[in-house]
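[1] here's a sequence, model it:
(chains A and B)
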2 protein chains.
Amino acid sequence: MGTTQLETVPEPKYWHLKTVLSEALDTEFTVGEILPNERDLAARFGVARATLRQALEQLELEGRLQRRRGVGTTVAPPRVGVAVGTEQHVWPGAAGDDWQPVDCALEVPPAAVAAALETGAEQNVHLVRRSRTTHGQPVAAELLYIAQSAVPDLSAIDAPAGAARARAVLRELQRLELEGQESAVELGSARADDARQLDRLPGAPVLVVTTRYIAEGRTAAVSVATYRADTCRLTFGDSGGVEIHQGPERRAS
Amino acid sequence: MGTTQLETVPEPKYWHLKTVLSEALDTEFTVGEILPNERDLAARFGVARATLRQALEQLELEGRLQRRRGVGTTVAPPRVGVAVGTEQHVWPGAAGDDWQPVDCALEVPPAAVAAALETGAEQNVHLVRRSRTTHGQPVAAELLYIAQSAVPDLSAIDAPAGAARARAVLRELQRLELEGQESAVELGSARADDARQLDRLPGAPVLVVTTRYIAEGRTAAVSVATYRADTCRLTFGDSGGVEIHQGPERRAS
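    Numbers count the residues shown, from 1 in each chain, chains lettered A, B, ... in the order given. Okay, the predicted model is just below:
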């Protein structure tokens, strides 16, 4: 604890407080317990409210605390592992996929998606919205863009809209042979509509997973999935079951 | 733009400002350009300094802006794709691995790592520290814990310490047959020592990738790698080359 003379970057005050608070969470509190209010906490640790708030924000970033309106700040349960990559490539909507279709529409995609799908300017694509829940909690919201040329035999009549339409589009897509898929994950902040779906405030930190699905030598679909960064660990690899959970504090000895 | 009456969660003021600023970044600024100071920006957009600062924080979270001490706030280049998962499983330090060993020591690992490695309480393991750079910039810092039982024939004499010792440990590890590996990625905040290595302030948002390497039916090594969340997109899948970059703003049409 405490900074040493050798450190080139001075350790901010809230950082030290965060370490102390983190230890208190481990020893004095249980999961789900509501923390004392900010005034009492600041008094207990002898710090300014602003310093306390910064430390609480850090702990929220690390998934140790949850702040909920009307409830207060509670000790968070360990993050839930959610598989985002598997050894096998599968189309969205294939068996075992735990995403739920919400609706489907024709929309002009953002420029980056249009470039990947090689659709022309202002050309519509199928936009399937899906959501993913784990243990009854919403964990992710997805925008899945599918080139119209990838599902040419789709009839507009059978399922004109909504979740049924989304399922019809995905069924058609699965008729193509999936040649490969590539994903990337990065930090983002929740857009207003994703935030509502995820029960978060706009701007909350999220993990954005972008996946490109390749068929017939080109990109047939692009998925942009937004995961709650506070409650999720994204797993990929053999089993999706990495059991080691450790925030940065807990991996320091 | 602007909120509608139908929204159940009101859109915060800084969020609207963020959208406006994001558009200004696209149209009026180039990568690397220094933004006007906060006072001027707040005046231009007719908002309080606190609101401006929140919006700038959001844009930093999304990788659109970089704040550097002594320089100011600059328009960030697109995030760099860094491969973290491949189709093939490989040991750390195998050919093609772009991590650089920094040093190696015997240390008691954190409890979660000790449990995974099935080492006894207070039992030392090899701790190899490595760093990863892309285009000359530090992008990640790794703590790689290796059970002593996984590298039993290691001689202490040849390379007693430092990077040479780290390479010797990794060479020994590669003699085992790698049976599988599992990874998970989650949001974290940079510990003081990682922050220094990554040229960030302690507490900066980072993406923490935990990987378990399995040999002879048990976990032989655990890697905890901390990536800069501001500059990195982590790629996994076929080629590690997903070319679609889009912050949440840019995927909104």
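[2] pretty sure residue A:109 is touching residue A:145, no?
    Yes - with contacts counted by CB atoms under 8 Å, residue A:109 reaches residue A:145, the gap being 4.8 Å. Where you see a C-beta, it was placed from the backbone N, CA and C, and this is true even at glycine.
[3] overlap in contacts of the two?
    Counting by CB atoms under 8 Å, 6 or more residues apart in numbering or on different chains, the residues touching both residue A:109 and residue A:145 are A:117, A:125, A:127, A:222.
[4] among these, which one lies nearest to residue B:45?
    Nearest to residue B:45 among the shared contacts of residue A:109 and residue A:145, counting by CB to CB, is residue A:127 at 31.3 Å.
[5] quick check: the gap between that closest one and residue B:189.
    Per CB to CB, to the nearest Å, residue A:127 is found 34 Å from residue B:189.
[6] before we move on, what about residue A:41?
    Going from residue A:41 to residue B:189 by CB to CB gives 19 Å.
[7] hmm, stretch A:139-150 in reach of chain B?
    Yes - judged by CB under 8 Å from any CB of the partner chain, stretch A:139-150 comes into contact with chain B through residue A:143.
[8] buried ones in that stretch?
    A:139, A:140, A:141, A:142, A:143, A:144, A:145, A:146, A:147, A:150 (16 or more other CB atoms under 10 Å in any protein chain shown).
[9] just to check, the first one is in contact with residue A:100?
    No - at 11.6 Å, residue A:139 does not count as touching residue A:100 under the criterion of CB under 8 Å.
[10] what do the two both touch?
    With CB under 8 Å, 6+ apart as the test, residue A:139 and residue A:100 both reach A:132, A:133.
[11] okay, and for chain A, where does confidence drop off?
    Chain A contains residues with pLDDT under 70 at A:1-11, A:86-88, A:156-157, A:237-253.
[12] flag every residue of the stretch 51-200 of chain A that's near chain B.
    A:54, A:58, A:61-63, A:79, A:81, A:85, A:107-113, A:115-116, A:143, A:180-192, A:194-196.
[13] chain A: strands as residue ranges?
    Listed in chain order, the strands of chain A (DSSP state E) span A:65-68, A:72-75, A:80-85, A:99-107, A:125-134, A:137-146, A:180-189, A:205-215, A:218-228, A:232-237.
[14] could you dump the ones you listed to JSON lines with distance to residue B:213?
    Converted to JSON lines, those look like this (distance: least, CB to CB, whole Å):
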{"stretch": "strand A:65-68", "distance to residue B:213": "31"}
{"stretch": "strand A:72-75", "distance to residue B:213": "32"}
{"stretch": "strand A:80-85", "distance to residue B:213": "17"}
{"stretch": "strand A:99-107", "distance to residue B:213": "30"}
{"stretch": "strand A:125-134", "distance to residue B:213": "26"}
{"stretch": "strand A:137-146", "distance to residue B:213": "27"}
{"stretch": "strand A:180-189", "distance to residue B:213": "20"}
{"stretch": "strand A:205-215", "distance to residue B:213": "23"}
{"stretch": "strand A:218-228", "distance to residue B:213": "25"}
{"stretch": "strand A:232-237", "distance to residue B:213": "10"}
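[15] quick one: closest of those strands to residue B:71.
    Residue B:71 lies closest to strand A:180-189 among the strands of chain A, at 21.4 Å (CB to CB).
[16] against which helices or strands is that closest one packed?
    Judged by 3 or more CB pairs under 8 Å, 6 or more residues apart in numbering or on different chains; DSSP states H and E, the packing partners of strand A:180-189 are strand A:80-85, strand A:205-215, helix B:49-61, strand B:205-215, strand B:232-237.
[17] any idea which of the shared contacts of residue A:109 and residue A:145 is closest to chain B?
    residue A:222 (6.5 Å; CB to the nearest CB).
[18] residue A:127 and residue B:189: which has the busier surroundings?
    Neighbours of residue A:127 and residue B:189, each counted by other CB atoms under 10 Å in any protein chain shown, are more numerous for residue B:189; the result is 27 against 20.
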